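Peer 1: Model the following, please.
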Amino acid sequence: MVAPFLRDNPPVRYEVLVIGGGHAGIEAAHAAARMGRRTALLTGSLDAIGRMSCNPAIGGLAKGQLVREIDALGGVMGGLADAAGIQFRILNRSRGPAVWGPRAQCDRALYARLARARLEATENLTIQEGMAESLTAKGGRVTGAVTAAGETIGADAVVVTTGTFLNGLMHTGAHRTAGGRVGEAAALGLSASLASLGLALGRFKTGTPPRVHRDSVDYAACAAQDGDDPPVPFSFRTKRLPAAARQARCWLTATNPLVHALIRAHLHESPMYSGQIHGTGPRYCPSVEDKVVKFADKGAHTIFLEPDGWDSEEIYINGLSTSLPEDVQLAILAEIPGLSRARMIRPGYAVEYDVVFPEQLSAALEALEVPRLFLGGQINGTSGYEEAAAQGLLAGINAALAVRGEPPFVLDRSEAYAAVMVDDLTTRGVEEPYRLFTSRAEYRLLLGVDTVLPRLLPHGRRLGLIDEEEYRSAMEGEARIRRAEEALRDRVYNPSTENRAVFGEVLGIGLDCPMSALKLLQRNDLVSSSVRALYPEAFEGLSPEERSYLESRIRYEGYIRREKERLERLKPFDSRPIPEGFRYAGLPGLSREVVEKCTRKRPRTVGEAARLPGVTPAAVAIISAHVARSAARGAPLS
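Peer 2: All right, here's what the predicted structure looks like:
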């Protein structure tokens, strides 16, 4: 429901108020409303809900896993990407499922329309257009917000998901414009309000490349990049992809020494290098100026030409993020193969914006010193739609639980990439925009896209975000995989004359001792299709994706088992709970720094305390031993 604002309206009150209609705000508002809380979404522009500020794509390495996790917990990003997708690929397919990266090129305008329609159809959710100017609080606890139009909106919990709009400032060369995105105003009052509540803020920077007209690109000078056939959806709910019959094509080109020379000659005009920009930029999604300076030994950098949609005239130049002056950007395009006659629709620009340092948040993404205030997305110092959406979902869930008076929902690092990200943010903080990688997860073999549903669907069902029919339907696929695995394990080939002949003919190997079909799939010298030809009955009824999951699980079975054993050995220590109100002051052997950090952060477990910067292994041992001894004798934990 979309609510109009009339100045004479009396103050309104909701159980959960979400500020910001980007990817984090969408998930937060949808989750809180689905959990039965009366929820409002306050956004600067109804037309900008779900708008992709940067590249028109969802997913990628680690990011694709996040989208699958969001979907399994009842979020909407995966389904929206499936419906708006124009090309689907799984990156890293040649490796194991732990590092597969599902990715969808999307129709930018369609994605935003679908996102808005999905929210408007969500029960218990009211959408209101307006800018939050300040937060209201009473007794140190947040109570709502005041809009720029003067309306007071009361709430039992507030989720702030403002993206790059907090004091947003856009840069193209020396030209500066207030805003978080082209054509959209910055949120100018909210930063001061957050600071007044005691939160420490910093300044980060991101950027975007120029867009060019699709008819002005010389595609013959570029390399084609097609989608997967068949394409694989993100959401377990998606039965058929609209793009299954026809997928869009992307293209690859690259910079060259002439482009690099141009950039170096004009570095003094780049706001990043002239001193005009003070915010810290993303290490892992650098501007083309940064690439040329920091990787001076490289003669070329890959550029992806990505269509903005089926009917869009725009081509997004992924890999050419820049804030150089417009005329310099035109000169750069003229030297890139395929873009020498390109017509620029819009130049690239950088955006500076305020962030809240996330170590001030609990693992539930609630401000430690401001109860009922939750933060999600780029305001927490992250980059990327997917990182934002996952935080928004978790913040929305926890806001709803807080209103109910229930304990927070916090996943373990061994359960989800989303948990790895939140734990990294809240225990270690950020010095630059955070991007999730599979390498950040110490248990990544347990976090593959093939195990998302059995890991997280039960949580989604328990929270009320996955209904029983969805759960039952989704787990049917998991049951088929397990039945096939058992069939392969039970089928044992003895070295009879007939079996030796079959093995030599079908597999090209000898059979000297009994061997199961499952063990055959684990052999590196055999391709899976040969084993399927030997025992096709085991694979009947499996979809191509289920068959791929089955084969990968079997092939990596030994590695996964060792990872689980390692987790079980460490779990008693890592998950040892630290009771609420535990007093660190006075414990022999703890430094003042450790006492201050643990007292302030209030870690829930010994493992969480161990990940706090400055907390040494020796300090962890002291805390763990004291917790264990006190719990054993039932004595006060002091």
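Peer 1: how about the helices of the stretch 151-300 of the chain, start to end?
Peer 2: 190-196, 257-265, 271-274, 288-294 (DSSP state H, counting those that start in this stretch).
Peer 1: What part of the protein, helix or strand, is modelled with the least confidence?
Peer 2: strand 2-3 (a mean of 60; mean pLDDT, DSSP states H and E).
Peer 1: any idea which helix or strand comes after it?
Peer 2: strand 12-19 (DSSP states H and E).
Peer 1: Can you name the residues in contact with that following strand?
Peer 2: Contact with strand 12-19 is made by 25, 28-29, 32-33, 37-42, 126, 132, 144-145, 151, 153-162, 190, 396, 399-400, 403, as judged by C-beta atoms under 8 Å, 6 or more residues apart in numbering. (C-beta placed from N, C-alpha, C; glycine too.)
Peer 1: So what are the sheet partners of it and their directions?
Peer 2: When pairing is defined by DSSP bridges, strand 12-19 lines up against strand 39-43 (parallel), strand 152-160 (parallel).
Peer 1: In terms of secondary structure, what does the helix ranked longest in the chain contact?
Peer 2: Looking across the chain with DSSP state H, the single longest helix is helix 468-490. Counting contacts by 3 or more C-beta pairs under 8 Å, 6 or more residues apart in numbering; DSSP states H and E, helix 468-490 packs against helix 452-463, strand 515-516, helix 517-521, helix 544-555.
Peer 1: residue contacts, Glu335?
Peer 2: Asn256, Leu258, Val259, Leu262.
Peer 1: okay but Thr605 is in contact with Asp574, surely?
Peer 2: Yes - counting by C-beta atoms under 8 Å, Asp574 is a contact partner of Thr605 at 6.6 Å.
Peer 1: For the closest residue to Thr616 other than its chain neighbours, give its distance to Arg576.
Peer 2: Excluding its sequence neighbours, the residue lying closest to Thr616 (C-beta to C-beta, 6 or more residues apart in numbering) is Val594, at 7.2 Å. Separation of Val594 from Arg576 (C-beta to C-beta, to the nearest Å): 17 Å.
Peer 1: quick one, which of these two is more surrounded?
Peer 2: Ranked by neighbour count (other C-beta atoms under 10 Å), Val594 and Arg576 place Val594 first, with 22 against 16.
Peer 1: May I have the residues that are in contact with the more buried one?
Peer 2: Neighbouring residues of Val594 by C-beta under 8 Å, 6+ apart: Tyr584, Gly614, Val615, Thr616, Ala619.
Peer 1: Kindly report the same for Met344.
Peer 2: Counted by C-beta under 8 Å, 6+ apart, Met344 has contacts Pro210, Arg211, Val212, Glu326, Gln329, Leu330, Leu333.
Peer 1: Could you list everything it pairs with in the sheet?
Peer 2: Val212.
Peer 1: Repeat that for Glu306.
Peer 2: Glu306 has these beta-bridge partners by DSSP bridges: Tyr316.
Peer 1: and it, what does it touch?
Peer 2: Here Glu306 is in contact with Asn55, Pro56, Ala57, Gln105, Cys250, Ile315, Tyr316, Ile317, Asn318 (criterion: C-beta under 8 Å, 6+ apart).
Peer 1: does the third one really touch Pro102, like I thought?
Peer 2: Yep, that's Ala57 we're talking about. No - under the contact definition of C-beta under 8 Å, Ala57 does not touch Pro102, with a separation of 11.0 Å.
Peer 1: give me the low-pLDDT residue ranges for this protein?
Peer 2: 1-11, 630-638 (pLDDT under 70).
Peer 1: Could you chop it up by domain?
Peer 2: 11-55+121-209+353-441, 213-226+237-347, 476-565, 576-633 (automatic domain parsing).
Peer 1: can you count the residues close to Leu61?
Peer 2: Other residues near Leu61 come to 18 when the count uses other C-beta under 10 Å.
Peer 1: That one and Tyr417: what is the separation?
Peer 2: For Leu61 relative to Tyr417 (C-beta to C-beta), the value is 11 Å.
Peer 1: Look up the residues that both of the two are in contact with.
Peer 2: Thr438.
Peer 1: Contact partners for the residue lying closest to Ile277 once chain neighbours are set aside?
Peer 2: Counting by C-beta to C-beta, 6+ apart, Ile277 lies nearest to Pro271, which is 4.4 Å off, once chain neighbours are set aside. By C-beta under 8 Å, 6+ apart, the contact list for Pro271 reads His171, Gly173, Ala174, Ile277, Ser323, Ala350.
Peer 1: what do you get if the cut-off is 6 Å, keeping everything else the same?
Peer 2: Residues counted as contacts of Pro271 (C-beta atoms under 6 Å, 6 or more residues apart in numbering) are His171, Ile277, Ser323.
Peer 1: Dihedrals phi and psi, the residue of the chain positioned farthest from its centre?
Peer 2: Ranking residues of the chain by C-alpha distance from their mean position (C-alpha atoms, centre = their mean) puts Thr497 at the top, at 54.6 Å. Dihedral angles of Thr497 (phi, psi; degrees, to the nearest 10) stand at phi -60, psi -40.
Peer 1: So which residues lie in contact with whatever helix or strand Ala31 lives in, not counting its own?
Peer 2: Following DSSP H and E, one finds Ala31 within helix 23-34. Identification of contacts with helix 23-34 by C-beta under 6 Å, 6+ apart yields 16, 18, 39, 41, 50, 75-76, 115, 122, 124-125, 159, 161, 376-377, 385, 388-389, 391-393, 395-397, 399-400, 465.
Peer 1: just stretch 436-443 next, same as before
Peer 2: Ala62, Val99, Glu387, Ser414, Val420, Met421, Arg444, Leu447.
Peer 1: If you tally nearby residues, what's the number for the residue lying closest to Ala364 once chain neighbours are set aside?
Peer 2: Leaving aside its chain neighbours, Ala364 sits nearest to Pro408 (3.6 Å; criterion: C-beta to C-beta, 6+ apart). For Pro408, the number of neighbouring residues by other C-beta under 10 Å comes to 17.
Peer 1: ok, now Phe503?
Peer 2: Using other C-beta under 10 Å: Phe503 sits among 19 other residues.
Peer 1: I figured it hits Asp512, correct?
Peer 2: No - with contact defined as C-beta atoms under 6 Å, Phe503 does not count as touching Asp512 (9.9 Å).
Peer 1: re earlier: just the buried residues from the contacts of Glu335, in ChimeraX please.
Peer 2: Here is the ChimeraX command that selects the buried residues among the contacts of Glu335 (16 or more other C-beta atoms under 10 Å):
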select :259,262
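Peer 1: and which of the contacts of Glu335 is nearest Lys519?
Peer 2: Asn256 (50.8 Å; C-beta to C-beta).
Peer 1: Would you quantify the distance from the closest one to Ile332?
Peer 2: Distance from Asn256 to Ile332, by C-beta to C-beta: 10 Å.
Peer 1: Then Asp215?
Peer 2: 20 Å.
Peer 1: which of those two has more neighbours?
Peer 2: More crowded of Asp215 and Ile332, by other C-beta under 10 Å: Ile332, with 24 against 9.
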